[in-house]
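**Student:** structure, please.
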Amino acid sequence: ETYQKRLKKQNTALITALLIGDKSDLESSVIDNFRDASLSHILAISGAHFSYIIIMIDFLNKRLKNKKIGNIISIVIILFFIQLTGNTPSVVRAGTMNIMIIVAELLYRKVDIWTSLAVSLIIQIISNPYVIFDIGIQLSYGGVIGIVLFYDIIYKKIKLKTISVTLSANIVIMPIMVYNYNTISISFIISNIFASMILGPIIIIGFLSIIFKFKPIFILLDILLSLFQDIAQICAKLPLSKIYVGTPTILSIGLFYLVLTNILKAETQCKKNRKMQQYEKIKQL
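**Tutor:** Numbering: from 1, shown residues only. Model prediction:
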């Protein structure tokens, strides 16, 4: 109601989708633009959205003297947000992993990314075994796995954080996208760079505008949301933004991941060899 009174109709629908994952009021043309620009993941609440929520929670926690109470409040807020957004797979995954980070801090333990991923997936499978076939959960976990495995390798080559994250995630989820949607995008890097620059301010200002209902905040939010839609529309029309391909076989997808695994093993072995060489040089000195 707050947004409906103060924002343009389509911007109200977009901010609702970005903050709580409700896309029911979004026009099909807007959804198509985001999909063709390889920005569909932006409209699904994920780790990127949670990171900005955690930033705001941390900011509030720093104002509290008792850190443990702040962490408990953070867990309650995350659980509330998971419920608010409808317990979608990507939200449960991101929320569970963030809760495990907080719990590890409370127990003075180190956080293990693979354990966090496994626990969040087990929780969802226990709740609904068929969730494993959901495209959203496949893309969510595939993207995280891609970032964990390939981010450091790619970042060493190009030294650009946003592009490294985008490439890492897409390396793993590309076969899933092709299998389900029969399309490949070459221009996804451009769209994701621009989207990542504007998503953070929109989410933070969006939540703050609910608390501080000042007119300038809503004017700024309206401008940012309109700009965001323009970016999606322009990027959707870029050359090579949508290349139609045939549906790959399960065997070819398996071979693709096998090649990725071998590349990763080779890179890991090279890293070990470099460390051994450095160690031998130090011994000689």
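
**Student:** just the CA atoms of the host helix or strand of S168, as PDB, please.
**Tutor:** Using DSSP states H and E, S168 falls within helix 161-181. C-alpha atoms of helix 161-181 as PDB (Å, rounded to 0.1, in the frame of the first residue of the first chain):
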ATOM      1  CA  LYS A 161      34.900  -9.100  -9.200                       C
ATOM      2  CA  THR A 162      31.500  -8.700 -10.800                       C
ATOM      3  CA  ILE A 163      32.500 -10.400 -14.100                       C
ATOM      4  CA  SER A 164      34.200 -13.200 -12.200                       C
ATOM      5  CA  VAL A 165      31.100 -13.900 -10.100                       C
ATOM      6  CA  THR A 166      28.800 -13.800 -13.100                       C
ATOM      7  CA  LEU A 167      31.100 -16.100 -15.200                       C
ATOM      8  CA  SER A 168      31.600 -18.500 -12.300                       C
ATOM      9  CA  ALA A 169      27.900 -19.000 -11.700                       C
ATOM     10  CA  ASN A 170      27.000 -19.200 -15.400                       C
ATOM     11  CA  ILE A 171      29.700 -21.900 -16.100                       C
ATOM     12  CA  VAL A 172      27.700 -24.400 -13.900                       C
ATOM     13  CA  ILE A 173      24.100 -23.200 -14.600                       C
ATOM     14  CA  MET A 174      24.500 -22.800 -18.400                       C
ATOM     15  CA  PRO A 175      23.600 -26.500 -19.200                       C
ATOM     16  CA  ILE A 176      20.600 -26.200 -16.900                       C
ATOM     17  CA  MET A 177      19.400 -23.100 -18.700                       C
ATOM     18  CA  VAL A 178      19.900 -24.600 -22.200                       C
ATOM     19  CA  TYR A 179      18.100 -27.800 -21.200                       C
ATOM     20  CA  ASN A 180      15.100 -25.900 -19.800                       C
ATOM     21  CA  TYR A 181      14.900 -22.800 -22.000                       C
END
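
**Student:** average pLDDT across that helix?
**Tutor:** Averaged across helix 161-181, the pLDDT comes to 86.

**Student:** again, but for stretch 260-276
**Tutor:** For stretch 260-276, mean pLDDT is 78.

**Student:** number the chain from 169, please
**Tutor:** Let's use 169 as the start, then, which means that last one is stretch 428-444.

**Student:** how far does that stretch sit from its chain's centre?
**Tutor:** Centroid separation between stretch 428-444 and its chain, computed with CA atoms, centre = their mean, to the nearest Å, is 27 Å.

**Student:** who's in contact with Y323?
**Tutor:** Residues in contact with Y323, defined by CB atoms under 8 Å, 6 or more residues apart in numbering, are 329, 332. Every C-beta, even on glycine, is put in place using the N, C-alpha and C of the backbone.

**Student:** could you rerun that using 10 Å?
**Tutor:** Contacts for Y323 (CB atoms under 10 Å, 6 or more residues apart in numbering) come out as 329, 331-333, 335-336.

**Student:** dihedrals phi and psi, it?
**Tutor:** Dihedral pair for Y323: phi -60, psi -40, per degrees, to the nearest 10.

**Student:** repeat that for I411.
**Tutor:** Here the main-chain torsion angles of I411 (degrees, to the nearest 10) amount to phi -110, psi 120.

**Student:** quick one: the strands in the chain, in order.
**Tutor:** For the chain, the strands defined by DSSP state E cover 351-352, 411-412.

**Student:** could I get the buried residue list for stretch 417-430?
**Tutor:** By 16 or more other CB atoms under 10 Å, the buried positions in stretch 417-430 come out as 424, 428.

**Student:** what separates I237 from L228, distance-wise?
**Tutor:** 11 Å (CB to CB, to the nearest Å).

**Student:** sorry, wrong one. I was asking about I402.
**Tutor:** Note on I402: its distance to L228, by CB to CB, is 36 Å.

**Student:** higher neighbour count, the two?
**Tutor:** Neighbour count, other CB atoms under 10 Å: between I402 and L228, I402 has more, with 15 against 12.

**Student:** contacting residues around that one?
**Tutor:** Taking CB under 10 Å, 6+ apart, we find I402 in contact with 201, 205, 358-359, 362, 409.

**Student:** by neighbours, which of these wins?
**Tutor:** Highest neighbour count within the contacts of I402, by other CB under 10 Å: A205, with 27 neighbours.
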